[in-house]
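Participant: just the structure for this:
(chains A, B, C and D)
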Number of protein chains: 2
Amino acid sequence: MAEISINQVTQQTGVRPSALRYYEEIGLLRPTRRRGGRRQYDDSVLQRLALIQTGQQAGFTLAELGLLLNRVLGAESGGADWHELVERKLKEMEARLRHIESMKRLLTDIMDCDDDSLAECIVLLGQQHSLIQS
Amino acid sequence: MAEISINQVTQQTGVRPSALRYYEEIGLLRPTRRRGGRRQYDDSVLQRLALIQTGQQAGFTLAELGLLLNRVLGAESGGADWHELVERKLKEMEARLRHIESMKRLLTDIMDCDDDSLAECIVLLGQQHSLIQS
DNA sequence: ATAACAGCTCAAGCGCACTTGAGGTCAAGA
DNA sequence: TCTTGACCTCAAGTGCGCTTGAGCTGTTAT
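Facilitator: Reported below is the predicted structural model:
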């Protein structure tokens, strides 16, 4: 397994050194070892960071991702009730999915409005979506 | 149109008075008027708050929702290039949607793993998802 | 030997979205 | 009239996820 410097991690993931140090500080992601004080990462860190980035975009906090990576997927697998956490998160994600889809529908509808008849258009949308109604 | 107190808004939406005052402070949502110093809201505020809540869940910042509510949907309709904003946001939402779906797939797969063969199961998933790989 | 450079630590700061707390006000009921 | 209670303002504090900056160290090239 290749060892890479903090700067190489940054170049390959876009995650800045300060963020990587922060992740380490909160126990989310630690370098494999140090050489002359400098962090050396195993290149599997790239996968982990991909998961972290995806997870963040999906609405996970770093703490939750830490739990997932270090307890559920990590060496100390099966910490207590992760089933529960995962199930809760799945539900949250489904709710979020629905919210995003509502907003998408609303915005695409707004985009389809005629620019000068925006006002009336909005009224119609408001009724359809039951979200607006100035 | 019925006028309701800040407390009634809270009861019907779950949005706390402190949050409502904060929304006002940042120009997102202002009460219709004051009576003896107290905020009185038109009950259409409930729709607006529904949109705000949905929007937040969908990844909008309050500033963006303010733009949407006050420029795009508000009296001063069509402020500059809101088309651009909305299009950018639509793309962001689609990305977010994909991320959530990835995480959902990963987590449901993990849930399906046999509890005592978790380790091997994870290895398999790691290959399938190309996200993990301890 | 020396200088340049990549990286280090530690403390402080930032933006967002609120919450909390102290102290004040206004209208209504006993 | 007095008190209660709902509401007010304003300043400060909170939690998250980092970033920034000052000052230091170990490695490498000249």
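Participant: is any residue of stretch A:92-111 near chain B?
Facilitator: Yes. Counting by CB under 8 Å from any CB of the partner chain, contacts between stretch A:92-111 and chain B involve A:93-97, A:99-104, A:106-108, A:110-111. Using the backbone N, CA and C atoms, a C-beta is placed for each residue, glycine as well.
Participant: what ranges do the strands span in chain A?
Facilitator: For chain A, the strands defined by DSSP state E occupy A:3-5, A:33-35, A:38-42.
Participant: as a markdown table, those strands with mean neighbour count would be great.
Facilitator: Shown next, in a markdown table, are the strands of chain A (neighbours: other CB atoms under 10 Å in any protein chain shown):
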| stretch | mean neighbour count |
| --- | --- |
| strand A:3-5 | 17 |
| strand A:33-35 | 10 |
| strand A:38-42 | 17 |
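Participant: and those as TSV, adding distance to A:His83 and mean pLDDT?
Facilitator: What follows is the strands of chain A, written out as TSV (distance: least, CB to CB, whole Å; pLDDT from 0 to 100):
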stretch	distance to A:His83	mean pLDDT
strand A:3-5	35	97
strand A:33-35	33	97
strand A:38-42	29	98
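Participant: distance to B:Gln12 added to the ones you listed, as JSON lines?
Facilitator: Converted to JSON lines, those look like this (distance: least, CB to CB, whole Å):
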{"stretch": "strand A:3-5", "distance to B:Gln12": "54"}
{"stretch": "strand A:33-35", "distance to B:Gln12": "56"}
{"stretch": "strand A:38-42", "distance to B:Gln12": "51"}
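Participant: format these as CSV; extra columns: distance to DNA strand C.
Facilitator: Below are the strands of chain A laid out as CSV (distance: least, CB to the nearest atom of the strand, whole Å):
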stretch, distance to DNA strand C
strand A:3-5, 4
strand A:33-35, 7
strand A:38-42, 3
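Participant: just the buried ones from the residues of stretch A:92-111 next to chain B?
Facilitator: Among the residues of stretch A:92-111 next to chain B, the ones that count as buried by 16 or more other CB atoms under 10 Å in any protein chain shown are A:Met93, A:Arg96, A:Leu97, A:His99, A:Ile100, A:Ser102, A:Met103, A:Lys104, A:Leu106, A:Leu107, A:Ile110.
Participant: the closest residue to A:Leu62 other than its chain neighbours: neighbouring residues, count only.
Facilitator: Nearest residue to A:Leu62, sequence neighbours excluded (CB to CB, 6 or more residues apart in numbering or on different chains): A:Leu28, at 5.6 Å. A:Leu28 has 18 neighbours, counted by other CB atoms under 10 Å in any protein chain shown.
Participant: can you report phi and psi for A:Leu28?
Facilitator: Dihedral pair for A:Leu28: phi -90, psi -40, per degrees, to the nearest 10.
Participant: centre of the chain to stretch A:100-110, how far?
Facilitator: On the basis of CA atoms, centre = their mean, to the nearest Å, stretch A:100-110 sits 21 Å off its chain's mean C-alpha point.
Participant: mean confidence for it?
Facilitator: Mean pLDDT, stretch A:100-110: 93.
Participant: can you show me the CA trace of it as CSV?
Facilitator: Once non-C-alpha atoms are left out, stretch A:100-110 reads as follows in CSV (Å, rounded to 0.1, in the frame of the first residue of the first chain):
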residue,chain,number,x,y,z
ILE,A,100,-35.5,17.8,-2.4
GLU,A,101,-38.0,16.5,-4.9
SER,A,102,-40.7,19.0,-3.7
MET,A,103,-38.3,21.8,-4.2
LYS,A,104,-37.2,20.5,-7.5
ARG,A,105,-40.7,20.4,-8.8
LEU,A,106,-41.4,23.9,-7.5
LEU,A,107,-38.3,25.4,-9.0
THR,A,108,-38.7,23.7,-12.4
ASP,A,109,-42.3,24.9,-12.5
ILE,A,110,-41.1,28.4,-11.7
